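**Q** quick one: sequence plus predicted model below, questions after.
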Amino acid sequence: MRQRIMIFFAAIALLTTSDFAGSQTFNNKKKDDYQVGVYYFPNYHVDKRNEAYFGKGWTEWKLVKAAKPRFANHDQPKVPAWGYTDEADPRQMAKKIAAAASHGIDAFIFDWYYYDDGPFLERGLEEGFMKAKNNRLLKFALMWANHDWEDIHPYTQGQPHKILYPGTITPATWDKMTDMIIDRYFKHPSYWLIDGAPYFSIYELSKLQESFGSVEATAAALAAFRKKTIAAGFKDLNLNAVVWGNPILPEEKSVTDPADLVKKLGFNSFTSYVWIHHVPLNDQVVPYDTVKKAYLQYAEQAMSTFSIPYYPNASVGWDPSPRTNQNTPFNNSGYPYTNIIGGNTPGAFKQGLLDVKEMMDKHNQKIITINSWNEWTEGSYLEPDVVHKMKYLQAIKTVFGK
């Protein structure tokens, strides 16, 4: 009888895994294979801060649904093939995990928000991903999105920019936050380790320095975080900086000498969030290939300028028009009223991946970041829509999958 019971529970466990057919890709990758980290923007679940400001049940899906074409041949609105999912539901997150893992993606890099008064938009990770039954199939990591959070959902052209949550924090908050990161996230079995070191990325270097007041104080804070991580049993901490030249959000600031700064601060690696951080969009619709070529020039220069490894980036597209007031004129007057990328078809995206991969091979680099899994209101998403279905994901599988 006992043997039959054990066989029964083993079968149940097997069925749980097989519910997500084909999602064993991550486990088949070897140490020296390419690693694909995809940014995940978690504003597609109900959050108590959003509800207090926008009303009960609000999520950013409201802007996706309300989007309209803003000029001739403008491809809006976008309609998700899976419906307007709740990422805080572990069953719905499991579907996302399965699709990512079975298409060559190794990790979700969550845009992660933490302010002096605590976390924001954390339910997608904590209640969705961390409680999904198949989260062992995909890694996750954090990119601390330490920028000011503004009222841009939507934004009306010409209105003052209202900051809801400032991106700077106190040193005391930093100590509390990094303790929590190590205990709650780094120690999770699905956290993304690179050569035994947890990957932790920081979005805005200027805001980071503002939090501590000087380069020296900032370097000391990062060193203390590293020391705590090693004391917790890890080989090291892979501190990653997001570096750019062109600010996007209204309060963003670029630093004057990022190569020198990341060296002084003790970062291990750096990457990009999106191509347009490096490529200005000078026309209302700029061809995808034009942006790609300009980005690749930046990436080549970055690899020769910085003293730490650069993890190249690939972007699906760019169109933040859903974050604008849909009843106002659409022009290049500042985020989110910006020019867009056009021609970002699955075929163009696949060629972009191939071109980035060729550069990676040239520099013996195995890690790439992609923008993004679900930036629906910025026109850069891998999740299937009703037009392209799974074709963007299939492009990743073709180029980087095993």
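**A** It's in. No experiment lies behind these values; they were computed from the predicted model shown.
**Q** contacts for stretch 240-251?
**A** Contacts of stretch 240-251 with the rest of the structure, by C-beta atoms under 8 Å, 6 or more residues apart in numbering, involve 143, 147-148, 150, 152, 161, 163, 167, 199-205, 253-254, 258, 262, 265, 267-274, 276-280, 298, 302, 311, 334-335, 338. Just so you know, the C-beta spots here come from the backbone N, C-alpha and C atoms, and that holds for glycine as well.
**Q** try it again with 6 Å
**A** Outside of stretch 240-251, the residues within contact range by C-beta atoms under 6 Å, 6 or more residues apart in numbering are 147-148, 161, 201-203, 254, 258, 262, 267, 269-271, 273, 277-278, 280, 335.
**Q** in helices only, show me the residues you listed.
**A** 258, 262 (DSSP state H).
**Q** can you give me the helices in the protein?
**A** 2-18, 25-28, 48-54, 61-66, 90-101, 123, 171-180, 205-212, 215-231, 258-265, 288-305, 346-362, 391-400.
**Q** Throw the ones you listed into JSON lines and include distance to residue 73 and mean neighbour count, thanks.
**A** Shown next, in JSON lines, are these (distance: least, C-beta to C-beta, whole Å; neighbours: other C-beta atoms under 10 Å):
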{"stretch": "helix 2-18", "distance to residue 73": "44", "mean neighbour count": "10"}
{"stretch": "helix 25-28", "distance to residue 73": "37", "mean neighbour count": "15"}
{"stretch": "helix 48-54", "distance to residue 73": "31", "mean neighbour count": "14"}
{"stretch": "helix 61-66", "distance to residue 73": "20", "mean neighbour count": "17"}
{"stretch": "helix 90-101", "distance to residue 73": "30", "mean neighbour count": "21"}
{"stretch": "helix 123", "distance to residue 73": "37", "mean neighbour count": "19"}
{"stretch": "helix 171-180", "distance to residue 73": "45", "mean neighbour count": "16"}
{"stretch": "helix 205-212", "distance to residue 73": "37", "mean neighbour count": "20"}
{"stretch": "helix 215-231", "distance to residue 73": "46", "mean neighbour count": "16"}
{"stretch": "helix 258-265", "distance to residue 73": "37", "mean neighbour count": "17"}
{"stretch": "helix 288-305", "distance to residue 73": "15", "mean neighbour count": "17"}
{"stretch": "helix 346-362", "distance to residue 73": "16", "mean neighbour count": "17"}
{"stretch": "helix 391-400", "distance to residue 73": "20", "mean neighbour count": "20"}
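**Q** could you dump these to a markdown table with mean pLDDT?
**A** What follows is the helices of the chain, written out as a markdown table (pLDDT from 0 to 100):
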| stretch | mean pLDDT |
| --- | --- |
| helix 2-18 | 37 |
| helix 25-28 | 45 |
| helix 48-54 | 98 |
| helix 61-66 | 98 |
| helix 90-101 | 98 |
| helix 123 | 98 |
| helix 171-180 | 98 |
| helix 205-212 | 97 |
| helix 215-231 | 98 |
| helix 258-265 | 96 |
| helix 288-305 | 96 |
| helix 346-362 | 98 |
| helix 391-400 | 98 |
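**Q** many thanks, we can stop here.
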